[in-house]
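>>> Here is my input, please return the structure:
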Amino acid sequence: EAAQRTLDRALEAVPKRKHVKLISKFALTEYRQGSAERGKTLMEGVVSSYPKRIDLWSVYVDMEMKHGGPAAARAVLERVVTVK
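Here you go, the predicted structure:
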């Protein structure tokens, strides 16, 4: 898919320390452009890799609230509070 190739090229172009921010921004774009499932997959990968980054969880919860509804947002919040 073109979006995946674009993300791959962008990741090659930016320093590694900016990858998390880039992926999360890309996920937000996917959510907003109507591909919520793709955005969710990207956010799942990011929060799995960086489970203590509350800012990422917050973005994820916001997007789930807007696109998945209260039940989806609640499920994500319940996961956040169990992270050690």
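
>>> Provide a complete list of residue ranges assigned to helices in this protein.
Taking DSSP state H as the test, the helices found in the chain are 2-13, 19-32, 36-49, 54-67, 70-82.

>>> Going by neighbour count, which residues in the first one are buried?
Counting neighbours by 16 or more other CB atoms under 10 Å, one finds that the buried residues in helix 2-13 are L7. Where you see a C-beta, it was placed from the backbone N, CA and C, and this is true even at glycine.

>>> Report the angle between it and helix 36-49.
For helix 2-13 against helix 36-49, the angle by axes from the mean of the first three to the mean of the last three CA atoms, to 10 degrees is 30 degrees.

>>> Show the pLDDT at G45.
pLDDT, G45: 95.

>>> who's in contact with the closest residue in space to it that isn't next to it in sequence?
Of all residues not flanking G45 in the chain, I23 sits nearest, at 7.3 Å (CB to CB, 6 or more residues apart in numbering). By CB atoms under 8 Å, 6 or more residues apart in numbering, the contact list for I23 reads L7, L11, L42, G45, V46.

>>> now P70
Applying CB under 8 Å, 6+ apart to P70 gives no contacts.

>>> From R79, how far off is it?
15 Å (CB to CB, to the nearest Å).

>>> ok, now Q33?
If you go by CB to CB, the gap between Q33 and R79 works out to 25 Å.
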